[in-house]
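K.L.:
Got a sequence here, can you build the structure:
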Amino acid sequence: MTTITETPPAPLSARLRVPGAFVLGAVLLLGVAPLALSDFRLSLLAKYLCYAIVAVGVSLAWGRGGLMVLGQGVFFGLGGYAMAMHLKLADAAATGETLPDFMQLYGTGDALPWWWKPFADPGFALAMTVLLPMAVAAPLGFFVFRRRVKGAYFAILSQALAAALSIWLIGQQATTGGTNGLTDIQGFFGYSLDDPVNQRMVYFVIAAVLLLLMAVARQLFVSRYGELLVAVRDSEERVRFLGYNPANVKLVAYVVAAGMAGLAGALFVPAVGIISPALIGIVPSIGFVIGAAVGGRASLVGAVLGAIAVAWAQSTLSDAFPGAWTYLQGLLFVLAVGFLPGGLASLGIVLRRRRTRTPPTGVTA
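P.N.:
Predicted coordinates:
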């Protein structure tokens, strides 16, 4: 007669590891960083945290689902432009104008374009920062995954979408600011962004959103859906044989990652005061993936820390080597994928395996 033994509960230290890491991250971001950094450094960190929010979605879609999302700049830009459009309209209304300053400069007439008008409402604009990227990702992902497009073809399609959006924005100078984008944003829902106190408030909002999305992504990782997503990544045909539709599983991850990227773009606007095609094209899209790859795309914390580290390196090295940074960025990606596929988060595991590996025995005649 077979006896059923219950699985012993995990040790207390293992159960407290994730909550402890989350609390530590909250203390560092919300407590230590504002006290230790100057206003300028804190504003830079706020910018880097926006990239880290994109990395959370990349970790879900690529790290868990195996989707090489090289077009996250599209969704980052859609969220950023949705927020910037509202803030530009609010700035114009504060000075008694009906048109944003760049429209007066480039001459679009006396009427606001019809598709700008809904963004005057703050609730609509906030909703669109997330819903618009998801609305673009949903039909695109539906047709792509239904056609079983994956691998390099999916990556190329994502890059083409990023290039197309950037080109379209540049060509609409009278309504989107063209190459310059939407710049010189002064306020954020009634608060002046010239005030350092309000800039710190923006930082706290960004840090809180990052922590919240990390908690949400963590729950997705350990949920039944997260296990199913990993199964689709590793053996799509077996999942289909079990009665699940892999296209739907991948579509959810793709749409959620798009929404996170859109929210990151929306928060990037008050942190930096600008959104332009240069921030959402092919190169920025690759940069989002490189950050997650360097830190460890399968590790949520690794992807976040990698995104922050690569963004910091870009700000530092691009000033010292303006012509060579793009090559250094590409080299980081090649090294991460070729020699450390799990990123820096897997470095400890790799070293531990090498220490415990049994040396081969000699062959005697």
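
K.L.:
Report pLDDT for residue 33.
P.N.:
With respect to pLDDT, residue 33 has a value of 94.

K.L.:
Correct me if wrong: it contacts residue 42.
P.N.:
Yes - applying C-beta atoms under 8 Å as the test, residue 33 and residue 42 come out as touching, 6.7 Å apart. Placement of C-beta: from N, CA and C, glycine included.

K.L.:
Mind checking which of the two has more residues around it?
P.N.:
The neighbour comparison of residue 33 against residue 42 (other C-beta atoms under 10 Å) goes to residue 42, with 22 against 17.

K.L.:
any idea how far that one is from residue 198?
P.N.:
12 Å (C-beta to C-beta, to the nearest Å).

K.L.:
Equivalent analysis for residue 339, please.
P.N.:
Distance from residue 339 to residue 198, by C-beta to C-beta: 44 Å.

K.L.:
more neighbours, these two?
P.N.:
residue 198 (17 against 8).

K.L.:
and the more buried one, what element?
P.N.:
helix 196-222 (DSSP states H and E).

K.L.:
Would you mark the buried spots in that helix?
P.N.:
198-199, 202-203, 206-207, 209-211, 213-214, 217-218, 220-221 (16 or more other C-beta atoms under 10 Å).

K.L.:
Nearest to residue 255 among the residues you listed?
P.N.:
Using C-beta to C-beta, residue 220 comes nearest to residue 255 of the buried residues of helix 196-222, at 12.4 Å.

K.L.:
The spatially closest residue to that closest one that is not a sequence neighbour and residue 158, how far apart?
P.N.:
In this structure, residue 220 finds its nearest non-sequential neighbour in residue 226, 5.2 Å apart by C-beta to C-beta, 6 or more residues apart in numbering. From residue 226 over to residue 158 the distance is 22 Å, taken as C-beta to C-beta.

K.L.:
Between these two, point out the one with more neighbours.
P.N.:
When residue 226 and residue 158 are compared for neighbours, residue 158 comes out ahead with 24 against 18, by other C-beta under 10 Å.

K.L.:
my guess is residue 163 meets residue 281, correct?
P.N.:
Yes - if you go by C-beta under 8 Å, residue 163 and residue 281 touch, sitting 6.6 Å apart.

K.L.:
out of those two, which sits in the busier spot?
P.N.:
residue 281 (21 against 16).

K.L.:
got a list of what the more buried one touches?
P.N.:
Residue 281 sits next to 73, 162, 163, 166 when contact means C-beta atoms under 8 Å, 6 or more residues apart in numbering.

K.L.:
before we move on, the earlier item: downstream of the helix or strand hosting the residue nearest to residue 220, the next helix or strand is which one?
P.N.:
Per DSSP H and E: residue 226 is located in helix 224-234. Using DSSP H and E, the next helix or strand after helix 224-234 towards the C-terminus is helix 236-241.

K.L.:
For that next one, the averaged confidence score.
P.N.:
In the prediction, helix 236-241 has an average pLDDT of 88.

K.L.:
Kindly provide the distance from residue 222 to residue 300.
P.N.:
From residue 222 to residue 300 the distance is 11 Å (C-beta to C-beta).

K.L.:
likewise residue 29?
P.N.:
15 Å.

K.L.:
that's a strand at residue 70, yeah?
P.N.:
No - checked against DSSP: H, G, I helix; E, B strand; the rest coil, residue 70 lies outside a strand; its state is coil.

K.L.:
who's in contact with it?
P.N.:
By C-beta under 8 Å, 6+ apart, the residues touching residue 70 are 155, 158, 159, 162, 285, 286, 289.

K.L.:
what's the helix or strand for the residue nearest in space to the middle of the chain?
P.N.:
Compute the mean C-alpha point of the chain, and by C-alpha atoms, centre = their mean the closest residue is residue 54, 0.7 Å away. Assigned by DSSP H and E, residue 54 belongs to helix 39-58.

K.L.:
Now do stretch 112-125: distance to the chain's middle.
P.N.:
Between the centre of stretch 112-125 and the centre of its chain there are 25 Å (C-alpha atoms, centre = their mean, to the nearest Å).

K.L.:
Could you tell me the end-to-end distance of stretch 289-300?
P.N.:
Distance between the two ends of stretch 289-300: 13 Å, counting by C-alpha to C-alpha, to the nearest Å.
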